[in-house]
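In: sequence and predicted model, in that order:
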Protein chains: 2
Amino acid sequence: MSDLVEKPLASKIVFNGNLLNVFSDQVELPNGKKASREYIKHPGAVAIVPITKEGNIVLVRQYRYPIGKVLLEVPAGKLDKDELPDKCALRELEEETGYVANNLKKMASIYTTPGFTDEIIHLYRAEDLIFSKPSPDEDEFLDVETYTKEEIKEMIADGRINDAKSMLALLLAGI
Amino acid sequence: MSDLVEKPLASKIVFNGNLLNVFSDQVELPNGKKASREYIKHPGAVAIVPITKEGNIVLVRQYRYPIGKVLLEVPAGKLDKDELPDKCALRELEEETGYVANNLKKMASIYTTPGFTDEIIHLYRAEDLIFSKPSPDEDEFLDVETYTKEEIKEMIADGRINDAKSMLALLLAGI
C-alpha cells in the first residue's frame, strides 16, 4: 500500500453554529504539497430498524429542510454528549415512535460522507417491541408509519425510500 | 399525513469555502414557531460499482482526512458544473481506476445525510470494462484494488468496508 496519509499542519474553526461546526485545516499531502481540508465535526448518530412481532417495519416520515422534501426514514438521531450508542438507539426509538425495544442488536457502524464530515452512524435492529408513548422533541414533527417487508422492498426498488442510512439499515436487517 | 413542511423565511451564507458552502436559514415550523436550519449545499456526486468480466469488483483505497483513516470505497466523485451524472460516472471511473465502461446502469439516487446537506449520490454499476490508464487529480492519492465478491461480502460483514455509499452500492449491485 502506498503512503496515503495527510498530515495536519493547522486547524481553524470557520463556523460555530447550533448544529454544525465547520473546520478548515491546512494539511501536508503525501507528495509534500500543502492543501486545505474543510469538514464538519459531528457527534455521531444512531439509526434503528424497528421490527414488530408481526414482522412489519416502523418508519418515520419527516421534512428535511436541506433538500426541501419529506422523506421516509428509519428512526434515527444524534448522540447526546457522552451518550452510549445503545442507549441513544433505545431513547431515539422510543421518542420518535413510542416503541420500547427489549431486543436491540447492533448491525454496523458506517461513515456517511467521509469526504466532508466525521459523522458515524451506528445501525441497529430492534425487536420485541412494546408500544409506550412517543415523545418527539418539541420542535420535531414526524409521522410514524408501519409497512410490510414487501412494501419496504418495493419502496427501496422504486426510490420512494431514498435516504442512504435507511436503505442500508433495511438491507442489512435482511428486508 | 400531517403538515410537516417548514417554510423558509431568510437565508444567509455563513461560510463560503473551496469545498463547502454553509448556510444558516430562518424557517417557520409547522406549529408557527421559528427555528434556524444550518446546512451544506453540495453539487451532487456519483459512485460506481465496477465489475470485471471475471466478476470481480474494483475498489479504491484513500485517506479521508475528516475521520483520519484510510477507507476502502467504490470509485466516486463530485459532479462538475452542469455535468450529467452518467458522464460524471464514466469520467470518475476512468480517472480513478483506469477502466472505461461500455455498460453503465444507474441503480439508485440517494440522499447521504439529508439532516444537514442536500448531497445526492447517483449509484451505478459498470460492466464490460476495458483497462485504459488511470489519471487521478494531481492532488488525489489512491490505491486501486480488485476483490472477489466473496471477499467483498466478508469485508462488509466484518466492517472493513464501512463507507455508507460503498456498502449500499455494493448491496444494490447484488454483491
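Out: Thanks, I have it.
In: right, is stretch A:59-74 up against chain B?
Out: Yes. Judged by Cβ under 8 Å from any Cβ of the partner chain, stretch A:59-74 and chain B are in contact via A:61, A:62, A:63, A:64, A:65, A:66, A:67, A:69, A:70, A:71. The C-beta positions use only the backbone N, C-alpha and C, and glycine is treated the same way.
In: care to break chain A down by domain?
Out: A:2-41, A:45-172 (automatic domain parsing).
In: filter the residues of stretch A:59-74 next to chain B down to the ones in strands?
Out: Among those, the ones falling in strands (DSSP state E) are A:61, A:62, A:63, A:64, A:69, A:70, A:71.
In: please list only the buried members of the residues you listed.
Out: Listed as buried from these are A:61, A:62, A:63, A:64, A:71; burial here means 16 or more other Cβ atoms under 10 Å in any protein chain shown.
In: the nearest residue to the third one once chain neighbours are set aside: what's it in contact with?
Out: Looking back up the chat, that one is residue A:63. Nearest non-adjacent residue to residue A:63, counting by Cβ to Cβ, 6 or more residues apart in numbering or on different chains: residue B:4, 4.2 Å away. By Cβ atoms under 8 Å, 6 or more residues apart in numbering or on different chains, the contact list for residue B:4 reads A:61, A:62, A:63, A:70, A:141, A:142, A:143, B:30.
In: and the furthest pair within the residues you listed?
Out: Using Cβ to Cβ, these reach their maximum pairwise distance at A:61 and B:30, which is 12.7 Å.
In: and residue A:22, bridged to which residues?
Out: residue A:15, residue A:40 (DSSP bridges).
In: correct me, but it touches residue B:20?
Out: Yes. Residue A:22 is in contact with residue B:20 according to Cβ atoms under 8 Å; the separation is 6.4 Å.
In: find residues that contact each of those two.
Out: A:38, A:39, A:40.
In: can you list the residues of stretch A:59-74 next to chain B in JSON lines and add distance to residue B:125 and pLDDT?
Out: Shown next, in JSON lines, are the residues of stretch A:59-74 next to chain B (distance: Cβ to Cβ, whole Å; pLDDT from 0 to 100):
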{"residue": "A:61", "distance to residue B:125": "29", "pLDDT": "97"}
{"residue": "A:62", "distance to residue B:125": "30", "pLDDT": "96"}
{"residue": "A:63", "distance to residue B:125": "32", "pLDDT": "97"}
{"residue": "A:64", "distance to residue B:125": "27", "pLDDT": "97"}
{"residue": "A:65", "distance to residue B:125": "32", "pLDDT": "97"}
{"residue": "A:66", "distance to residue B:125": "28", "pLDDT": "97"}
{"residue": "A:67", "distance to residue B:125": "25", "pLDDT": "98"}
{"residue": "A:69", "distance to residue B:125": "26", "pLDDT": "97"}
{"residue": "A:70", "distance to residue B:125": "29", "pLDDT": "97"}
{"residue": "A:71", "distance to residue B:125": "24", "pLDDT": "98"}
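In: closest to residue A:150 out of those?
Out: Of the residues of stretch A:59-74 next to chain B, the one sitting nearest to residue A:150 (Cβ to Cβ) turns out to be residue A:61, at 18.9 Å.
In: is the longest helix seen in chain A in proximity to chain B?
Out: Assignment by DSSP state H gives helix A:85-97 as the longest helix of chain A. No. Helix A:85-97 stays clear of chain B (Cβ under 8 Å from any Cβ), getting no nearer than 12.8 Å.
In: okay, that helix in PDB with CA atoms only?
Out: C-alpha atoms of helix A:85-97 as PDB (Å, rounded to 0.1, in the frame of the first residue of the first chain):
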ATOM      1  CA  PRO A  85     -24.900   4.400  21.100                       C
ATOM      2  CA  ASP A  86     -27.000   1.500  22.500                       C
ATOM      3  CA  LYS A  87     -28.700   3.900  25.000                       C
ATOM      4  CA  CYS A  88     -29.200   6.500  22.300                       C
ATOM      5  CA  ALA A  89     -30.800   3.900  20.000                       C
ATOM      6  CA  LEU A  90     -33.400   2.900  22.700                       C
ATOM      7  CA  ARG A  91     -34.000   6.600  23.500                       C
ATOM      8  CA  GLU A  92     -34.500   7.800  19.900                       C
ATOM      9  CA  LEU A  93     -36.700   4.800  19.100                       C
ATOM     10  CA  GLU A  94     -39.000   5.500  22.000                       C
ATOM     11  CA  GLU A  95     -39.000   9.300  21.500                       C
ATOM     12  CA  GLU A  96     -39.800   9.100  17.800                       C
ATOM     13  CA  THR A  97     -42.100   6.100  17.600                       C
END
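In: all set now, cheers.
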